[in-house]
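Participant: Here is my input; please provide its structure:
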Amino acid sequence: MHTRLGPFLSLVSPDKLSLITILELMRLQGSGGVSEGMKTARALLTIGKAVESEHKAEMCRRNNIAIPTTTSRASESGYFTKSGYKGLYARRVAARKYMEDSEEWAAAWTQLLRVKVGGFLVDALMDVANVVRSTVIKQTGEVV
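Facilitator: Purely as a prediction, here's the structure:
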């Protein structure tokens, strides 16, 4: 699983990946309408989509393309429309300064890919996350 996700995980820096994972989980914790938590599938999908959006935003910044601030309801890929992709592709070919597989980054990610990326990141977070809790024993006053 790791080798298949490697190219997608390397699109964004590890610092940003960890930050995106933590912030998205915190944001989703109270917004799912599920008492005492969130739906896992929604969380994984949201994290994967956030990673995809961050990568696309970085590519826009590198190519001096303004990042749109509103979404079109007709566009299934959010901020990035097909005409926007065509314009970005033309600029990338003219610049000749990026990878050989320059059109790869612009393709919309599938839901399955988003869930896999989100799942990998949440799993990695759970491996390193430590939560320290303490309580006071009422009878003795001891902090445990």
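
Participant: Who are the packing partners of the longest helix anywhere in the chain?
Facilitator: Across the chain, the longest stretch assigned as helix under DSSP state H is helix 40-62. For helix 40-62, the helices and strands in contact under the criterion 3 or more CB pairs under 8 Å, 6 or more residues apart in numbering; DSSP states H and E are helix 14-29, helix 111-128. All C-beta spots, glycine's among them, are computed from the backbone N, C-alpha and C.

Participant: Put together CSV for the ones you listed, with mean pLDDT and mean neighbour count on each row.
Facilitator: Converted to CSV, these look like this (pLDDT from 0 to 100; neighbours: other CB atoms under 10 Å):
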stretch, mean pLDDT, mean neighbour count
helix 14-29, 90, 15
helix 111-128, 93, 16
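
Participant: Include distance to residue 49 when you put those helices into JSON lines, please.
Facilitator: JSON lines is the format used below for the helices and strands packed on helix 40-62 (distance: least, CB to CB, whole Å):
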{"stretch": "helix 14-29", "distance to residue 49": "9"}
{"stretch": "helix 111-128", "distance to residue 49": "5"}
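
Participant: So for the nearest residue to residue 28 once chain neighbours are set aside, what's the pLDDT?
Facilitator: Take residue 28 and drop its neighbours on the chain: the residue closest to it by CB to CB, 6 or more residues apart in numbering is residue 38, 4.8 Å away. pLDDT for residue 38: 70.
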